[in-house]
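Engineer: I would like the atomic coordinates for the input below:
(one chain, ligands or ions: 1)
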Amino acid sequence: MSAIASGTELDGSAVDELATAFGGALIRPDGATFDEERRIWNASIDRRPALIARCGGVADVISAVRFARKYAQTVAVRSGRHSYPGLGMCDGGMVIDLGQMTGIRVDPHARTARAQAGVLLGDLDREAQAFGLAVPTGIVTHTGLAGLTLGGGIGWLERKYGLTIDQLSSVDLVTADGEFVRASEEENADLFWGVRGGGGNFGIVTEFGFRLNPVGPTVLAGPVIWAMEDSPQVLRFYREWIKEVPDELTTIVTHRRVLPLPTVPRELHGRHVVVVGTCYAGPVEEGENVLRPLREFGAPLVDGCVPMPFTRHQASLDPSFPHGWWYYIRSCNIAELTDEVIDILVDHGQRIASGVTVFSIYHLGGAVARVGDDETAFGSRDAGHVVNVIGITTTGDGFDQEREWARGLWTALAPHHENVYVNFLMEEGENRIREAYGAAKYDRLKALKRKYDPDNFFRLNQNISPR
Ligand SMILES: Cc1cc2nc3c(=O)[nH]c(=O)nc-3n(C[C@H](O)[C@H](O)[C@H](O)COP(=O)(O)OP(=O)(O)OC[C@H]3O[C@@H](n4cnc5c(N)ncnc54)[C@H](O)[C@@H]3O)c2cc1C
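Structural biologist: Numbering: from 1, shown residues only. So this is what the prediction gives:
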């Protein structure tokens, strides 16, 4: 540690030495691209590291870890840049970035894929969909596969094929000691259990192995939109209807104001609405029957539910969550949409001020709930719904107000909170992380952390402290 000039600077000659054998790029604060390279998805977070090591391959990751152990007090690990609380970026210290490692190889006969850690969700979909296959991942294509997978991964295919981790077959990982290991059901099985939900606590994953399953490539999917005044009736209908729907169908309910997109009728722009987003991962004709009651309920303003390429559906929410806006997130899981919960949701929905703020209610169950709770580190398989409240502004203007609104809705739901999905946490402290896993699993994760990272070298994450 003697070479550290201060908490915010790294020894220049040590960095020069690292550079001699580094395949990727080492970006220092005086570099021309530094401001671009330190940027993350959530523009409300602005941090300046002392060094960003953009790794070109596994050898770079190993060198970066060994270097950071010696010279850096703080280390962040970054892949897709989408951490809500910006945990992939640090003030001072070193960022080990895997964003350039974007290789994907699909084996259509074995129905498997290998994806490097810098892959974004849309990239994996594109490669797998060329063969009518997919991994269940998240709902925005520019999200990083690495952080999403390590926390669990929920999205449009979850009820049919489970969480992202439920189709994970192996990871290649560099430990806190700079050792390269593989974890799977057969090799380092304890570590494989931990990385399926335990986040970046146990090492840096360089590559993932997945099983692939058939999807589309054409699926019946899209939004059905009603005026927000109709939300009390829509949500009451919805909660009964989803009790009967098959696992092929995943739905996400959103309350928001309509974005002024060219694809949406002009007269709806800015209007408060409730949206049931749908994706039927089975034959389109079958989906038509399953979705008919929803589409015929009340008087929808828009029925955008049509057969479309799965990749197009996956990209449909991208314009709602672009890079560079200001985001504040509060999340909780709830068991069901009781009358009381519905009243709270509708009341706060009607008070959304920002044209880009949104809250979403994911419907879990299906394949997610069929995997045994102890089989992976993921903490809340039995959740009925994940509620994700996101106060958003396009710049810093008005952000405080949206943050207060998001806190208000989350607090009003407090009597109904069950637990929380770890990837939807901000920096909320140890109790909330324990809540995400449950006490018993949290203790098991702590024991694993003592084995793989006893010094808590990887601590800029939803941290499971070894102590
Ligand atoms: C627009 C948007 C949409 C989202 N939609 C969904 C969704 O539908 N479903 C869902 O489940 N989640 C969703 N999320 C949450 C998402 O899963 C997390 O934000 C996740 O951490 C993003 O991963 P990343 O690689 O992009 O992030 P980064 O900011 O690069 O990394 C986040 C954290 O993950 C860890 N990490 C990253 N890379 C590695 C690695 N290679 N090895 C070890 N640890 C690593 C580190 O602890 C890091 O701090 C969404 C987030 C955003 C911003």
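
Engineer: please enumerate the strands of the stretch 1-150 of the chain.
Structural biologist: In the stretch 1-150 of the chain, the strands defined using DSSP state E, counting those that start in this stretch lie at 25-27, 51-54, 75-78, 94-97, 104-107, 112-116, 133-134.

Engineer: dump those to JSON lines, plus distance to the ligand.
Structural biologist: For the C-beta atoms, the positions are set from N, CA and C on the backbone; glycine is no exception. Converted to JSON lines, the strands of the stretch 1-150 of the chain look like this (distance: least, C-beta to the nearest ligand atom, whole Å):
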{"stretch": "strand 25-27", "distance to the ligand": "16"}
{"stretch": "strand 51-54", "distance to the ligand": "12"}
{"stretch": "strand 75-78", "distance to the ligand": "4"}
{"stretch": "strand 94-97", "distance to the ligand": "8"}
{"stretch": "strand 104-107", "distance to the ligand": "15"}
{"stretch": "strand 112-116", "distance to the ligand": "9"}
{"stretch": "strand 133-134", "distance to the ligand": "14"}
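
Engineer: out of those strands, which comes closest to residue 285?
Structural biologist: Residue 285 lies closest to strand 133-134 among these, at 20.2 Å (C-beta to C-beta).

Engineer: what about stretch 459-466, near the ligand?
Structural biologist: Yes - interface with the ligand: stretch 459-466 contributes 460, 461 (C-beta under 6 Å from any ligand atom).

Engineer: picking up where we left off before, take the strands of the stretch 1-150 of the chain and lay them out in a markdown table including mean pLDDT and mean neighbour count.
Structural biologist: Formatted as a markdown table, the strands of the stretch 1-150 of the chain follow (pLDDT from 0 to 100; neighbours: other C-beta atoms under 10 Å):
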| stretch | mean pLDDT | mean neighbour count |
| --- | --- | --- |
| strand 25-27 | 98 | 19 |
| strand 51-54 | 98 | 26 |
| strand 75-78 | 98 | 28 |
| strand 94-97 | 98 | 27 |
| strand 104-107 | 98 | 16 |
| strand 112-116 | 98 | 22 |
| strand 133-134 | 98 | 26 |
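
Engineer: and those: which comes nearest residue 252?
Structural biologist: strand 133-134 (17.2 Å).

Engineer: and that closest one, what does it pack onto?
Structural biologist: Taking 3 or more C-beta pairs under 8 Å, 6 or more residues apart in numbering; DSSP states H and E as contact, the helices and strands that strand 133-134 lies on are strand 213-214.

Engineer: and the contacts of the strand it packs on?
Structural biologist: 111, 132, 133, 134, 135, 136, 160, 161, 167 (C-beta atoms under 8 Å, 6 or more residues apart in numbering).

Engineer: equivalent analysis for stretch 109-116, please.
Structural biologist: 98, 101-107, 123-124, 127-128, 133, 135, 145, 169, 206-213.

Engineer: hmm, which of these are the buried ones?
Structural biologist: Using 16 or more other C-beta atoms under 10 Å as the burial test, the contacts of stretch 109-116 include 98, 101-102, 104, 106, 123-124, 127-128, 133, 135, 145, 206-210, 212-213 as buried.
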